[in-house]
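> my questions are about this predicted structure, shown below with the sequence.
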Amino acid sequence: MSAAAFAVRPASSRQLAGTGTLLRFALRRDRVMIPVWVAVNALMVLSMPNTLKGLYGTPAERADLVGQTAGNSSLRAMVGPVFGDSLGALTAWRVGVYAGALAAVVGLLVVVRHTRDEEESGRQEMVASGMVGRRASLTAALLAAAVANGVLALLVTAGLAGQGAAGALAFGLGIAGVGMVFATMAAIVAQLTESARLTRGLTAAVLGAAFVLRAAGDSATDGGTSQAFGTGGGSSPLTWASPLGWLTNLRAFAGERWWVLGLFAGAVLVQGAVAYALAGRRDLGMSFLSSRPGPAAGRLGGAGTLAWRLQRGGVLGWSIGFLLAGLVYGGMAEGAADLVGDNDSAREILQRMGGQSGLTDVFLAAMAGMLGLVAALFVVASVLRLHGEESSGRAEPVLAGAVGRLRWAAGHLAVAFGGAVLLMLLAGAGLALGHGEQAGAILGACLAQVPAVWVIGGVAVLLYGLVPRAVTAAWGVAGAVLLIGWVGPALDVPRAVLNLSPFGHLPKLPGGGMEWAPVLILTALAAGLVGAGVAGLRRRDLTS
């Protein structure tokens, strides 16, 4: 398109010029991250009907599960109330909240990456110097998020159609709706703040608050059988205050409330309109909430202190989340054992996750393992902060002084790997406090997950040091490990597949015997990966 043709286009059209090109570029940049996380989410959902069929094969067993769930407020807080005893309704109950939360995370990450991240790095200024409309980047980012959520909705709808076409469509649209609500919310926050890190943190905090609101509302509301089968019982106002609560109250496979989809559509349209209005009223690189003027409080004594200053907000948020998760899971331990009861299939799945000891110990071991899998996401995000500092150009002024690459990298790696230890300690403290027993054994079980978490972090360091262009593949590794750990035991995959994950080699604690050999081997492997990655960083040129 010539400059003259660009100039004579209508104002509304000029605002969006170049959107298609930017969308293709965004999808190409996210060609690893989006497919991996969409696949993880879809497989988590689609594997559930067969798992539930193996656990509760008869209508009587499923009705008994519904009745037991009704009296377990901790379980309702974690996964919500159940509205029916069909396999489809139980699938929506078991994974709906988590599928929606994962879609929200992907949506906010995609939008922030292609809006505020681009402005903060200076790349957006170069793009804007061409014939690109003022709102083209925001539109492309939202469309990329819509593509990710649309593909997820199609996969869920097609995969669950056998359980009921209407329910599958409602469930798929509901999960995608949650993802787009938080994508458009991230678009608003990106206009308000100058930092991509702060944008991600604030939007993630809203997601955490949405989960807490829904959990508080669902745990306080009677989830009895009457509510489950639509004969009475209403949701708490707290549940309706959360988009995750909207997904629950959509009641997929249990007399769908199609009008609830209007809440998602309304929120997306309103938030999108606000984001577009704000984007048209600020200068590139600026924000409506200016950064606090200096000098910064405290003293930056070195590269390590700077790394801590940059990452302390994220560490604090993750720490609070792990402590609260530990408290909830610890409080559920006895109830989970009662819920499994004499169900041999459920017992076998828990034992594949947590070992062969008593049910309560097996549950605690399984939860320690799940929290370790989530901690792997933290360590990858923290390690990749090095790549963000380098690609944005902020690393160059630091390294131009009397700071070597090793010192600079060591500060961020100390936060990443030390933060993983802190998270697992807090998770263990929460589990012990919630359970009220076996404090030492539970803390040991959580700390035993650390070497496997470090291995995933070591892979991220290796990719960053040797092939920085492929560093986003670290998210693919973390996603694959997460998928193996969450879905593998339920599908009874071969042991060889489970052993592809470093978590598959760890001792099952508490309840099992401590095995030092795999712990030491994984620790040595993590150290070797970090060493190789740091050596590669020393020898390659910095990118920008």
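The structure has been received and is ready for your questions. Numbering: from 1, shown residues only.

> next, Val82: secondary structure please.
coil (DSSP: H, G, I helix; E, B strand; the rest coil).

> ok, it touching Thr91?
No - applying Cβ atoms under 8 Å as the test, Val82 and Thr91 come out as separate, 10.4 Å apart. C-beta coordinates here come from the backbone N, C-alpha and C atoms, glycine included.

> all helices for the stretch 1-150 of the chain, in order.
In the stretch 1-150 of the chain, the helices defined using DSSP state H, counting those that start in this stretch lie at 3-8, 11-15, 19-29, 33-46, 48-55, 59-70, 73-79, 87-114, 116-121, 123-128, 136-160.

> buried deepest among these, which one?
helix 87-114 (a mean of 26; mean count of other Cβ atoms under 10 Å).

> average pLDDT for that helix?
What helix 87-114 shows for mean pLDDT is 90.

> again with stretch 417-428
Rounded mean pLDDT across stretch 417-428 is 94.

> and that stretch, which residues are buried?
Residues of stretch 417-428 classed as buried by neighbour count (16 or more other Cβ atoms under 10 Å): Phe417, Gly419, Ala420, Leu422, Leu423, Met424, Leu425, Leu426, Ala427, Gly428.

> from these, which is closest to Met48?
Using Cβ to Cβ, Ala427 is the member of these that lies nearest Met48, at 24.7 Å.

> which SS state does that closest one fall under?
What three-state DSSP gives for Ala427 is helix.

> isn't it right up against Ala325?
Yes - taking Cβ under 8 Å as the definition, Ala427 is a contact partner of Ala325 at 6.6 Å.

> mutual contacts of those two, please.
Taking Cβ atoms under 8 Å, 6 or more residues apart in numbering as the contact rule, Ala427 and Ala325 both touch Leu371.

> I'd like the next helix or strand past the helix or strand of the chain with the lowest mean pLDDT.
Ranked by mean pLDDT, DSSP states H and E, the weakest helix or strand in the chain is helix 225-228, scoring a mean of 40. Going down the chain from helix 225-228, the next helix or strand is helix 237-240, by DSSP states H and E.

> contact partners of that following helix?
Contacts for helix 237-240 (Cβ under 8 Å, 6+ apart): Leu213, Arg214, Ala216, Gly217, Asp218, Ala220, Thr221, Gly245, Trp246, Thr248, Asn249.

> again with stretch 418-436
Residues contacting stretch 418-436 (Cβ under 8 Å, 6+ apart): 311, 315, 318-319, 322-334, 360, 364, 367-368, 371-372, 375, 378-379, 382, 438-439, 442-447, 449-450, 453-454, 457.

> in which helix or strand would I find Phe363?
Assigned by DSSP H and E, Phe363 falls in helix 359-383.

> in terms of secondary structure, what does that helix contact?
Packed against helix 359-383 by the contact rule (3 or more Cβ pairs under 8 Å, 6 or more residues apart in numbering; DSSP states H and E) you find helix 303-340, helix 344-354, helix 405-435, helix 439-447, helix 450-466, helix 473-491.

> next, the angle helix 48-55 makes with the last one.
With axes from the mean of the first three to the mean of the last three Cα atoms, to 10 degrees as the criterion, the two stretches helix 473-491 and helix 48-55 enclose an angle of 30 degrees.

> now helix 473-491: average pLDDT?
pLDDT averaged over helix 473-491 gives 79.

> then the second one?
Average pLDDT, helix 344-354: 56.

> Ala325 and Gly479, how far apart?
Distance of Ala325 to Gly479, computed by Cβ to Cβ, to the nearest Å: 19 Å.

> same question for Ser392.
Distance from Ser392 to Gly479, by Cβ to Cβ: 24 Å.

> repeat for Leu238
Shown here: Leu238 relative to Gly479, a distance of 31 Å by Cβ to Cβ.

> please say which of these two ends up with more neighbours.
Neighbours were counted for Leu238 and for Gly479 using other Cβ atoms under 10 Å; Gly479 has more, 22 against 18.

> so the more buried one touches Val40, yeah?
Yes - contact criterion Cβ under 8 Å: Gly479 and Val40 qualify, at 4.8 Å.
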